[in-house]
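Asks: below is the sequence, then the predicted model.
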Amino acid sequence: MYKQSAIFLLTVLALGACSETFSNSQDASSRPPLPENIVELAAPNQDLATAYLRPEDNCYWYMHAGPVETTPLPLRTAGGNPICIKPAT
């Protein structure tokens, strides 16, 4: 039983290493540059190189590289408000 569990665990780990990570699927080089006014609004300590406009909510998001995983977070002003745009009507 122990041997089967070990083989299963190794198989899962090996296959998991082959998958594409979330951060690699959203390449920052394929995104248009941020408008200058958005750069001025953004608070420090946010990775503006990975920032992008998410069409679902019309807000800017960036990829935060944490110690364990890379997570999308809303781009915020120095006051803590999310940076969003009004949709064109």
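Replies: It's in.
Asks: need the helices for the chain, in chain order.
Replies: With helices called from DSSP state H, the chain shows them at 2-16, 22-25, 36-41.
Asks: where does the chain have low pLDDT?
Replies: 6, 12, 15-29 (pLDDT under 70).
Asks: recalculate using a threshold of 80.
Replies: 1-2, 5-31, 87-89 (pLDDT under 80).
Asks: which stretches of it form strands?
Replies: Ranges of strands in the chain, per DSSP state E, are 52-54, 59-65, 70-74.
Asks: quick one, which of those strands is packed in tightest?
Replies: Most buried of these, by mean neighbour count (mean count of other C-beta atoms under 10 Å): strand 59-65, with a mean of 18. For the C-beta atoms, the positions are set from N, CA and C on the backbone; glycine is no exception.
Asks: contacts for it?
Replies: The contact list for strand 59-65 (C-beta atoms under 8 Å, 6 or more residues apart in numbering) reads 23, 26, 28, 34, 38, 42, 46-48, 50-54, 70-75, 82-85.
Asks: kindly recompute the last result at 7 Å.
Replies: 23, 38, 46-48, 50-54, 70-75, 82-84 (C-beta atoms under 7 Å, 6 or more residues apart in numbering).
Asks: and for stretch 32-42?
Replies: Under C-beta under 7 Å, 6+ apart, the answer for stretch 32-42 is Leu48, Ala51, Tyr60, Leu75, Thr77, Ile83.
Asks: isn't the second one up against Arg76?
Replies: No: the pair Ala51 and Arg76 fails to qualify as a contact (C-beta atoms under 7 Å) at a distance of 11.0 Å.
Asks: these two: which has the busier surroundings?
Replies: Ala51 (20 against 17; other C-beta atoms under 10 Å).
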